[in-house]
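Asker: Next comes the sequence, and after it the predicted model I'd like to discuss.
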Protein chains: 4
Amino acid sequence: MISFTCDYIEGAHPEILRRLAETNLVQEPGYGEDSFTRAAIEKIRKAAGAPKADVFLLVGGTQTNATVIDAMLPHYGAVIAAQTGHIAVHESGAIEHSGHKVITLPALEGKIREKDLQDYLEAFYADPTWPHMAQPGMVYLSFPSEYGTIYSKKELQGIHAICRKYDMPLFIDGARLGYGLASPAADVDLPALAGLCDVFYIGGTKVGALCGEAVVFPRGNAPKNFFTIVKQHGALMAKGRLLGIQFDTLFTDGLYQKISRHAIDLAMELKRMFIEKGIPLHIDSPTNQQFPILTKEQMKRLEGGVRFEIWQPLEDGSSVTRFATSWATLPENIKTLESYFM
Amino acid sequence: MISFTCDYIEGAHPEILRRLAETNLVQEPGYGEDSFTRAAIEKIRKAAGAPKADVFLLVGGTQTNATVIDAMLPHYGAVIAAQTGHIAVHESGAIEHSGHKVITLPALEGKIREKDLQDYLEAFYADPTWPHMAQPGMVYLSFPSEYGTIYSKKELQGIHAICRKYDMPLFIDGARLGYGLASPAADVDLPALAGLCDVFYIGGTKVGALCGEAVVFPRGNAPKNFFTIVKQHGALMAKGRLLGIQFDTLFTDGLYQKISRHAIDLAMELKRMFIEKGIPLHIDSPTNQQFPILTKEQMKRLEGGVRFEIWQPLEDGSSVTRFATSWATLPENIKTLESYFM
Amino acid sequence: MISFTCDYIEGAHPEILRRLAETNLVQEPGYGEDSFTRAAIEKIRKAAGAPKADVFLLVGGTQTNATVIDAMLPHYGAVIAAQTGHIAVHESGAIEHSGHKVITLPALEGKIREKDLQDYLEAFYADPTWPHMAQPGMVYLSFPSEYGTIYSKKELQGIHAICRKYDMPLFIDGARLGYGLASPAADVDLPALAGLCDVFYIGGTKVGALCGEAVVFPRGNAPKNFFTIVKQHGALMAKGRLLGIQFDTLFTDGLYQKISRHAIDLAMELKRMFIEKGIPLHIDSPTNQQFPILTKEQMKRLEGGVRFEIWQPLEDGSSVTRFATSWATLPENIKTLESYFM
Amino acid sequence: MISFTCDYIEGAHPEILRRLAETNLVQEPGYGEDSFTRAAIEKIRKAAGAPKADVFLLVGGTQTNATVIDAMLPHYGAVIAAQTGHIAVHESGAIEHSGHKVITLPALEGKIREKDLQDYLEAFYADPTWPHMAQPGMVYLSFPSEYGTIYSKKELQGIHAICRKYDMPLFIDGARLGYGLASPAADVDLPALAGLCDVFYIGGTKVGALCGEAVVFPRGNAPKNFFTIVKQHGALMAKGRLLGIQFDTLFTDGLYQKISRHAIDLAMELKRMFIEKGIPLHIDSPTNQQFPILTKEQMKRLEGGVRFEIWQPLEDGSSVTRFATSWATLPENIKTLESYFM
């Protein structure tokens, strides 16, 4: 049985496990004060071309989203997201639990459009009752989006310009950032992305780590006492070394990029295969998540041999499905999958 | 340089790293749906003598405290803790951030006293203005306490009886539970403790794991949809296997107990040594944290060779210090430490 | 200058002012323990045909919505509302501030449709990822809605049945309840409405009082310690007598109903007049808010003489406008208004 | 039966009722946009010698405390209060419900001492673990305190200086501000007090109004979008005129001061009487609350004729009691009371 259900079905990249074992008995202080975390932060700053960046290592995605959003929004502030955005759908109301409304905009294949954002803001402030409403205070987008799509440089520039105009930080959820940047469709690299937002995070969990998300405030613009806010949100790891070692490893010798490229190469292979087999794609995704529409019969054939995720059942019995690759995907598994469609 | 500063300065017990490596490529679903987590839960139920227990694996201590307390308290409820309790002091206001007051009682060497609790509750309800106050809705205690002390069976029975009388759950923070149960002074074992409270957690982070706290509702009494509440608090790990494998390992062949006993044996060795050297102990701790009072001169001598924590500076220049042992403490390190006091 | 902008532009019904003056020096305890409040509660129970109802007098609408919703939702719960519902739009994120997501359904002239609710719930629980989402825990509707429309008995029965099936309380925001019940289109009275929901409130502010909303849990089903929850939300009035006297007055000799009927009679007069003048109505509202579409020229004519609210500017320069009547609306003001359209 | 239980047992000063009746039919916009509120704000600015002050009229005390504190504290911030402070005791955990810890300092007759505050802050920042704790972000004090005592100018200067040094706003709860300023012991007037803090409120509810507290940010230093924050906290009154008219009346021709002096004169009369009768005073209160210690026998004698509050029962059967005067207290009632002690 092989599985393409998502990009976190295996453990960690072996190099991470090796480093964990190698450093296991080194005695280091907790809570991110360890030397591994310091080294990781330095390497992330370098990779992001942001020497003054404030960098914090948190454990998981929902937690990171809730902590960053709560820390950066004023009391009366709401966060704007695509209606398909992770914070609007799959985070159990964690943002609202921290006191903030999520304002949703229509999404085009998972992405906010500059025009929709601009229109929304204009209409909001044109309504004289706006002081009676939670006020747009931040924009959230995911790169890649929940549908595997990515924003172009031009799109990011447009959205960022609107954010600046309305004095709202732009926050990029990079749970799968590596896969987005490694996509053949990407026209931004990490430094460019860092320059086009106010805070983002580099996903570890889905890109080869056991856990961990590195929050980056690229211009040293972390909210005051962000460390305490992180702890208050239950997001501070006692053995911070676990996060430090992982990110130090991922940002040594370009491992994060290598892992990401591997996944993208295999995802493009997957896509090519689906197209060759005449299987329609729900979305033309340029990243590690592919969304073929499989017939009932095709899904039946895969049963017992290949796992994947049902993304959305369709009226005719077929389904939009999701196949994800990762650092751990084996090329032969794609061959095996292909054999089911012969 | 050797360090006794705390019990989370090294990585994980080697057996955990071995299991992580061994299972690394097994494909498993996320969010605690993996087979390792299921196995861990079964073993924890068995060890706790609680076959119907609801068990959830969370990442860290502050997070676990905030999630459990928020989930179990009614909106108008406050949690009662010792004034030295972790939730009252060192959690950045995480409990209040989730909307609940922490009511503090005087602590005797880190412990709540049954009489203080009873007196407080009687006085609270004798005051006719009580409906204008946040209402005691839960009792929190730590086992062992922040001062290394442990509650006797009789003390737990007394406190639990009061909790039942006032219809409040009793919550035991077991961040260092293993060390408490392995103490020569302990007269409860895990099943007894499980029977004397309504929810507790088995600390992993400080007892050999990289991270992880296993929350146990011993009588299957988890709040409805606790899974969603955990996610809402940012405490759900995507690669739940990381927690599952660790607790499965810790509860295989009594590893958790072995680790704990090792630390306690060495702590008792430490204590004996301090006493022999005429070094006064601030608290007669029966667990893995020891609190010798060192003179300025003694502390100076240790500089550069041995690390420890300053617990509380005293007027005369001496300090209450903390020396902690763990699964990783080497017997020879105690010998080395001893040599400084010759 | 006369104004139809809304139903809270004057003070209170004169009888209320008379009673306030008359009782001014009577010494009474605070916080709702006064005899006026007790009398008001008794009268409200009687009017609602709910002798066991728990009744609480709060100050204002947003406050009441936030308090009731927070008190009745579990931690993981979200409230379902029409996308035009007051809590979704004009309450500054007060619901989210108390930790809960507002799930919006499409609205038909301000109303939720039974089918949309049923479809949403089926789709929600059909999605296997539902435990990762905030869970629908309550339904909120306003009677009349923000567009002046009202639910029929059949619609309420349908929605209430769904709520029971999914074990969610149904909450009716009755900020303008009197006007809804007095509408010629209404086929429910107060006891019927009380029987078709789990909690509702009787709006005072917009129906003749200076302030005040009477929350009714018709079957004595108030959440435990609701008094404390009210205070915690800042919604407990020290001089509770102010609320008690007002509701006692409103529910003496059917004043609440008389006030409501007066406003409805004049609103129907307004509507008839608009129709006669060939002015189109945006919504066929059966209650005290009317929504004529006025041309630029008509609006210009009213300038300086009649105030109303711009509800929604239209592309062609005309606007959906709102004209509201209340207890205080003078019949001659409608004549005056009419004269502008001659 | 006459009552001295508190200062909110009657309705409003008759002049307020007169003005409410007189203006009842004037049509005015809601939410504080009315002309009465504008006039009230202007008069309050003048009275406070703070022409640039931001002034907001809220409904009640707990609500005002929770709104102001939440608005001014950063996410990681806690508010410091006397352990007897209203927010620490009698507000149902409203502050914590908005996410913030209340740090309590020992109180001397209801007051924080400069030295305790300084010592606390020094100790806090001397502890290297301070980033793991909720951080002191604001100081709350009540003037007069819950025990009727008042701060001297020198005390306020001292506390304010510490606040400035630690960059924390000083917030003065003036629920009974009038009585404090009218006390013969007061050496500050309203402008002086406004100059010695960063935000305070002028209590209406307990000083002659039906309800209402006027929040003053003396240097125009209201948090951005405070209006929206007020609404979010459920503290915005729809018929803002009710608050506007009351404060406009209270600040016309010095009514607020007259009311306050009346109460203070009678309180001093009460105090003189208790002393003459040999009745000990628990606290030498210079304001409108007096705390005589009555014997069981004395309390028995008052039964059926005079109401007062039991403040604190004592071991020997006697009790600390509270007798409060207000704008409405009749001189003859003090004579009547005196007659019981003949």
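Answerer: Cool, the structure landed. Note that the structure is a prediction, hence the values are computed from the model and not measured.

Asker: Could you pull out the strands in the stretch 201-342 of chain A for me?
Answerer: A:213-217, A:289-290, A:293-294, A:306-307, A:309-313, A:319-324 (DSSP state E, counting those that start in this stretch).

Asker: For the fourth one, the averaged confidence score.
Answerer: Across strand A:306-307, the average pLDDT comes to 96.

Asker: now do the last one
Answerer: Confidence over strand A:319-324 (mean pLDDT, whole number) is 97.

Asker: ditto for the second one
Answerer: Averaged across strand A:289-290, pLDDT comes to 97.

Asker: picking up where we left off before, do you know which of the strands of the stretch 201-342 of chain A lies nearest C:Glu33?
Answerer: Set against C:Glu33 and scored by CB to CB, the strands of the stretch 201-342 of chain A come closest in strand A:213-217, at 50.8 Å. Heads up, the C-betas are built off the backbone N, CA and C, glycines and all.

Asker: Which helix or strand contains the residue lying farthest from the centre of chain A?
Answerer: Taking CA atoms, centre = their mean, the residue of chain A most remote from its mean C-alpha position is A:Pro128, at 36.4 Å. Applying DSSP states H and E as the criterion places A:Pro128 outside every helix and strand.

Asker: per-residue pLDDT, it?
Answerer: At A:Pro128, pLDDT is 93.

Asker: between the strands of the stretch 201-342 of chain A, which gets nearest to chain B?
Answerer: strand A:306-307 (7.7 Å; CB to the nearest CB).

Asker: So that closest one, near chain C or not?
Answerer: No: shown here: strand A:306-307 not in contact with chain C (CB under 8 Å from any CB of the partner chain), separated by at least 13.8 Å.

Asker: and that strand, what does it pack onto?
Answerer: strand A:2-3, helix A:331-340 (3 or more CB pairs under 8 Å, 6 or more residues apart in numbering or on different chains; DSSP states H and E).

Asker: That one pairs with which strands, parallel or anti?
Answerer: In its sheet, strand A:306-307 lies beside strand A:2-3 (parallel), with partners assigned from DSSP bridges.

Asker: ok, now how distant is the closest residue to chain D within the stretch 201-342 of chain A from chain C?
Answerer: As assessed by CB to the nearest CB, chain D sits closest to A:Thr228 within the stretch 201-342 of chain A, at 4.1 Å. Here the criterion is CB to the nearest CB, to the nearest Å. By it, A:Thr228 lies 21 Å from chain C.

Asker: repeat for A:Glu91
Answerer: Taken as CB to the nearest CB, the span from A:Glu91 to chain C is 7 Å.

Asker: ok, the residue of the stretch 201-342 of chain A closest to chain D touching D:Tyr76?
Answerer: Yes: contact criterion CB atoms under 8 Å: A:Thr228 and D:Tyr76 qualify, at 4.1 Å.

Asker: which neighbours do these two share?
Answerer: Contact criterion CB atoms under 8 Å, 6 or more residues apart in numbering or on different chains; residues bridging A:Thr228 and D:Tyr76 by contacting each: B:Ser92, D:Ala134, D:Gln135.

Asker: related to what we said a few turns ago, so which of the strands of the stretch 201-342 of chain A is nearest B:Ala66?
Answerer: Comparing the strands of the stretch 201-342 of chain A by CB to CB, strand A:213-217 comes nearest, at 19.2 Å.

Asker: That closest one - what's its average pLDDT?
Answerer: On average, strand A:213-217 scores 98.

Asker: got a list of contacts for it?
Answerer: A:40, A:44, A:48, A:50, A:53-61, A:64, A:67-68, A:174-175, A:194, A:198-205, A:226, A:247.

Asker: Next, format the strands of the stretch 201-342 of chain A as CSV and append mean neighbour count.
Answerer: CSV is the format used below for those (neighbours: other CB atoms under 10 Å in any protein chain shown):
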stretch, mean neighbour count
strand A:213-217, 27
strand A:289-290, 28
strand A:293-294, 20
strand A:306-307, 18
strand A:309-313, 15
strand A:319-324, 23
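
Asker: Return the set of buried residues in the helix ranked longest in chain A.
Answerer: In chain A, assigned by DSSP state H, the helix with the most residues is helix A:255-276. By 16 or more other CB atoms under 10 Å in any protein chain shown, the buried positions in helix A:255-276 come out as A:255-271, A:273-274.

Asker: Report whether that helix contacts chain B.
Answerer: No: contact of helix A:255-276 with chain B is not found when judged by CB under 8 Å from any CB; the minimum separation is 14.2 Å.

Asker: pull the CA atoms of that helix into CSV?
Answerer: Backbone C-alpha positions of helix A:255-276 (Å, rounded to 0.1, in the frame of the first residue of the first chain) are rendered in CSV as follows:
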residue,chain,number,x,y,z
LEU,A,255,18.4,21.0,2.3
TYR,A,256,15.1,22.9,2.5
GLN,A,257,15.3,23.8,-1.2
LYS,A,258,16.5,20.3,-2.2
ILE,A,259,13.6,18.6,-0.4
SER,A,260,11.2,21.0,-2.0
ARG,A,261,12.6,20.5,-5.5
HIS,A,262,12.4,16.8,-5.1
ALA,A,263,8.7,17.0,-4.3
ILE,A,264,8.0,19.4,-7.1
ASP,A,265,9.8,17.3,-9.6
LEU,A,266,7.7,14.3,-8.7
ALA,A,267,4.5,16.3,-8.6
MET,A,268,5.2,17.5,-12.2
GLU,A,269,5.8,13.9,-13.1
LEU,A,270,2.4,13.0,-11.5
LYS,A,271,0.7,15.8,-13.4
ARG,A,272,2.3,14.8,-16.7
MET,A,273,1.1,11.2,-16.0
PHE,A,274,-2.5,12.3,-15.2
ILE,A,275,-2.6,14.3,-18.4
GLU,A,276,-1.2,11.5,-20.5
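
Asker: Thank you, goodbye.
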